[in-house]
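1. my questions are about this predicted structure, shown below with the sequence.
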Amino acid sequence: MAIIETRDLWKTYRMGNEDIHALRGVSIEIERGEYVAIMGPSGSGKSTLMNLIGCLDTPSKGSYLLNGHQVRELDDDELARIRNEEIGFVFQTFNLLPRATALHNVELPLVYAGISGADRRSRAMQALERVELADRVSHRPNELSGGQRQRVAIARALVNTPSILLADEPTGNLDSKTGLEIMTLFERLHATGNTIVLITHEPEIAEYAHRVIHLRDGGVEEDVRQTHRSPAMGATP
């Protein structure tokens, strides 16, 4: 069974007297354990599709099944639980609490899930170890580099062992070398079984994925499985 399945998905916004179709009948299936990049130029609909996949928005028409569940039939509490436990979000801007330590930032989804203090700390430490930041647990975001902040954000996304890791332009605020380190980390996470959906407009980032879905004008223009290799992304040979 596909972990993500959209059928004839539309998203329409009303702008004055005009309907703007951000998505026009998108039908895709993503299997558990896949590493998929969703690409497209500005205005192609990729951010809108990410918001629908992440249950941050609802479609105007069509259906979205997540783990076999029809998302439109879920109430607000169930959607909030899915966003906290089933989907791990990684954003371009990190979205960390500035006054909280790395450990506390990673603990947050567990706080919302009602996990007890000792278990919370243990699981947050394990997540930070997975992203090789066990020596930075007491540091606040302003004491960390951009790459380290993104690692904290990835650890936070992983701490609830979600079904899907959903990353929106995860290297957008990073230099090439640091971006390479983050994409190498995603490769390792995929190798351990994580399902990764990566939103990007950069071809060199999409090359890390095993499959690339190209959007244009709100529809699927191309869906390509690619022979995987590790791109250099500006690294020195």
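-> That came through, no problem.
2. what ranges do the helices span in the protein?
-> Counting by DSSP state H, the segments of the chain that form helices are 46-53, 76-81, 102-112, 117-130, 146-158, 176-191, 203-206.
3. can you mark which positions in the shortest one are buried?
-> Residues of helix 203-206 classed as buried: 204-206 (neighbour count, 16 or more other CB atoms under 10 Å). Every residue, glycine included, has its C-beta placed from N, CA and C.
4. hang on, the earlier thing: which of the helices of the chain is buried the deepest?
-> helix 146-158 (a mean of 24; mean count of other CB atoms under 10 Å).
5. still on that earlier bit, who wins for proximity to Glu169 among the helices of the chain?
-> helix 203-206 (8.2 Å; CB to CB).
6. so for the closest one, mean pLDDT?
-> Mean pLDDT, computed over helix 203-206, is 92.
7. report all helices and strands that it contacts.
-> Packing contacts for helix 203-206, counted by 3 or more CB pairs under 8 Å, 6 or more residues apart in numbering; DSSP states H and E, involve strand 35-39, strand 195-200.
8. for the last one, list the C-alpha coordinates in PDB.
-> Listed next in PDB are the C-alpha coordinates belonging to strand 195-200 (Å, rounded to 0.1, in the frame of the first residue of the first chain):
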ATOM      1  CA  THR A 195      10.500   7.700   3.800                       C
ATOM      2  CA  ILE A 196      11.700  11.100   2.600                       C
ATOM      3  CA  VAL A 197       9.800  13.600   0.500                       C
ATOM      4  CA  LEU A 198      12.000  16.600  -0.500                       C
ATOM      5  CA  ILE A 199      10.700  19.800  -1.900                       C
ATOM      6  CA  THR A 200      13.300  21.700  -4.000                       C
END
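9. and it with helix 46-53, angle?
-> Taking axes from the mean of the first three to the mean of the last three CA atoms, to 10 degrees, one finds strand 195-200 and helix 46-53 inclined to each other by 150 degrees.
10. now do strand 195-200 against strand 35-39, angle only.
-> 20 degrees.
11. run the chain-centre distance for strand 195-200.
-> Relative to its parent chain, strand 195-200 has a centroid offset of 6 Å by CA atoms, centre = their mean, to the nearest Å.
12. tell me the strands beside it, with direction?
-> Taking DSSP bridges as the criterion, strand 195-200 pairs within the sheet with strand 35-39 (parallel), strand 164-168 (parallel).
13. any idea which of the helices and strands packed on helix 203-206 gets closest to Glu222?
-> For the helices and strands packed on helix 203-206, proximity to Glu222 was assessed by CB to CB; strand 35-39 is nearest, at 9.0 Å.
14. hmm, back to that, wait, which of the strands paired with strand 195-200 is closest to Arg211?
-> Between the strands paired with strand 195-200, strand 35-39 lies closest to Arg211; by CB to CB that is 4.8 Å.
15. restrict the closest one to CA atoms and write it as PDB.
-> Extracted C-alpha coordinates of strand 35-39, given in PDB (Å, rounded to 0.1, in the frame of the first residue of the first chain):
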ATOM      1  CA  TYR A  35      13.100   8.900  -1.400                       C
ATOM      2  CA  VAL A  36      11.300  11.400  -3.600                       C
ATOM      3  CA  ALA A  37      12.000  14.900  -4.700                       C
ATOM      4  CA  ILE A  38       9.200  17.200  -5.800                       C
ATOM      5  CA  MET A  39      10.600  19.800  -8.200                       C
END
